[in-house]
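Trainee: Give me a 3D structure for the following:
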Amino acid sequence: MTHKNRPQIVIADDDADLIHALTIRCTALGLRVFSALDAASAWQQIEDVQPNVVVLDVEMPRGNGLSVSEMMFHHERHKNTPIIMLTGHTDTKTIRRCHEMMAYYVAKCDDVWGRLKPLLCEILEREDSTILKEAARVEPVPEEPDPGMSLLLDAVFTAMGDGAEETSAPLQEFGEVRIPWILCIDDDEAFVYALRLRLKEHGVEVIRVSEGMEGYRQAFSNRADLILLDYELPNGNGDYILGRLKDNPVTKDIPVIVLTGRHEKTIERKMYAMGAVSYLTKPYNWPNLWAEINKHLPEYSVAFENSVSG
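Mentor: This is a model prediction of the structure:
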């Protein structure tokens, strides 16, 4: 594979040190990197390069990353290009806009490469399962930069996370106890509404996502304490989404309870084999469901429920 045929990435951010650090990491991963320091230049690079993936900051001179993402989303040539929004903005509005444009959201933090690397590998391998392997085989690059450069990169990523807030999803605080929350991936709005009311009585928040891939993106962007997953979903059935969750290092340890109207034993065995911690059917029995949920929630949820009931 020639240099020009390596998978290509456009990285746009007004922080030159960050771009330099990401360029080194992405090059070591087998990517050909193009960069931009402002939104207008980012769009020009996207037009010229037609990259395999684009990483955008939100706040940039001459426009912003969300505008560039929206232009791509509505452009015939670029609408299917994967976009990763790498930003210090952790407000719900920004996260929601990313999801609406099918863009991945990654908050800037000191472990940003630990989140960005598996996502890049997944995106590129989904486009072509051999693209990274071939690039690395023909044009070998070091897996990691030299120790001195690694210290420099770590310093850049750590500094990048210094001013970042915790991701804003539904995580809140009650005194010294953090409120537990569940991501419910289900297209039945009435069902989730009733479930949310029951769980709220126990001090547990619920965020609903109606489509499979949207649920996966939400799980990647904001780590839930537990995921309730339906089987039949638009844009990605439950088995496909469960597989994606368990294959990704960022989401693989989140416990997943399958809650579905499908009563087939073959599906149940399949979901258990793929990593589900429980398989329950609708219409559900509330005491049984709550027992399963409570079994997999963190210990602080019990302290929170006691503080609410007390």
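Trainee: isn't Gln8 right up against Asn52?
Mentor: Yes: counting by Cβ atoms under 8 Å, Gln8 touches Asn52, with 5.5 Å between them. Quick note: C-beta positions are derived from backbone N, CA and C, even for glycine.
Trainee: Looking at those two, which one has more neighbours?
Mentor: In terms of neighbours (other Cβ atoms under 10 Å), Asn52 is the more surrounded of Gln8 and Asn52; the figures are 20 against 17.
Trainee: pLDDT score assigned to the closest residue in space to the more buried one that isn't next to it in sequence?
Mentor: Closest residue to Asn52 apart from its sequence neighbours, by Cβ to Cβ, 6 or more residues apart in numbering: Pro7 at 4.5 Å. For Pro7, the model assigns a pLDDT of 90.
Trainee: try the one 3 residues further on
Mentor: According to the prediction, Val10 has pLDDT 95.
Trainee: wait, it sits on Ala36?
Mentor: Yes: applying Cβ under 8 Å as the test, Val10 and Ala36 come out as touching, 6.8 Å apart.
Trainee: Give the residues shared as contacts by these two.
Mentor: Ala42, Gln45 (Cβ atoms under 8 Å, 6 or more residues apart in numbering).
Trainee: In space, not sequence, find me the middle residue of this protein.
Mentor: Phe220 (2.3 Å; Cα atoms, centre = their mean).
Trainee: for that residue, what are its contacts?
Mentor: By Cβ under 8 Å, 6+ apart, the contact list for Phe220 reads Tyr104, Tyr105, Arg115, Leu119, Asn248, Val250, Thr251.
Trainee: So how do I select the buried members of the residues you listed in ChimeraX?
Mentor: Paste this into ChimeraX to select the buried members of these, with burial taken from 16 or more other Cβ atoms under 10 Å:
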select :104,105,115,119,248,250,251
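Trainee: Out of the contacts of Phe220, which one has the lowest pLDDT?
Mentor: Val250 (78).
Trainee: Pretty sure it sits against Lys117.
Mentor: No: using Cβ under 8 Å, Val250 is not in contact with Lys117; the gap is 9.9 Å.
Trainee: could you measure the residue nearest to Asn52 against Leu226, distance?
Mentor: Separation of Pro7 from Leu226 (Cβ to Cβ, to the nearest Å): 35 Å.
Trainee: residues in contact with Leu116?
Mentor: Contacts of Leu116 by Cβ under 8 Å, 6+ apart are Leu22, Arg25, Val55, Ile84, Leu86, Val106.
Trainee: pretty sure it is in a helix, no?
Mentor: Yes: the assignment for Leu116 by DSSP: H, G, I helix; E, B strand; the rest coil puts it in a helix.
Trainee: Check it and give its pLDDT.
Mentor: Reported pLDDT for Leu116: 85.
Trainee: same deal with Val308?
Mentor: At Val308, pLDDT is 45.
Trainee: And Glu143, by the same measure?
Mentor: Reported pLDDT for Glu143: 46.
Trainee: Could you do Ile293 as well?
Mentor: Ile293 is given a pLDDT of 92.
Trainee: Quick check: which element contains it?
Mentor: Here Ile293, judged by DSSP states H and E, is contained in helix 286-296.
Trainee: swap in Leu280?
Mentor: Per DSSP H and E: strand 278-281 holds Leu280.
Trainee: Give the partner strands of that strand in its sheet and their orientations.
Mentor: Within its sheet, and counting by DSSP bridges, strand 278-281 is paired with strand 256-260 (parallel).
Trainee: hey, C-alpha coordinates of the helix or strand that the strand it pairs with is followed by in PDB?
Mentor: Counting by DSSP H and E, the element after strand 256-260 in chain order, helix or strand, is helix 265-274. Provided in PDB are the C-alpha atoms of helix 265-274 (Å, rounded to 0.1, in the frame of the first residue of the first chain):
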ATOM      1  CA  LYS A 265     -34.500 -19.400  23.900                       C
ATOM      2  CA  THR A 266     -32.100 -19.200  20.900                       C
ATOM      3  CA  ILE A 267     -32.000 -15.400  21.200                       C
ATOM      4  CA  GLU A 268     -31.700 -15.600  25.000                       C
ATOM      5  CA  ARG A 269     -28.700 -18.000  24.700                       C
ATOM      6  CA  LYS A 270     -27.100 -15.800  22.000                       C
ATOM      7  CA  MET A 271     -27.400 -12.600  24.100                       C
ATOM      8  CA  TYR A 272     -25.900 -14.300  27.200                       C
ATOM      9  CA  ALA A 273     -23.100 -15.700  25.100                       C
ATOM     10  CA  MET A 274     -22.400 -12.200  23.800                       C
END
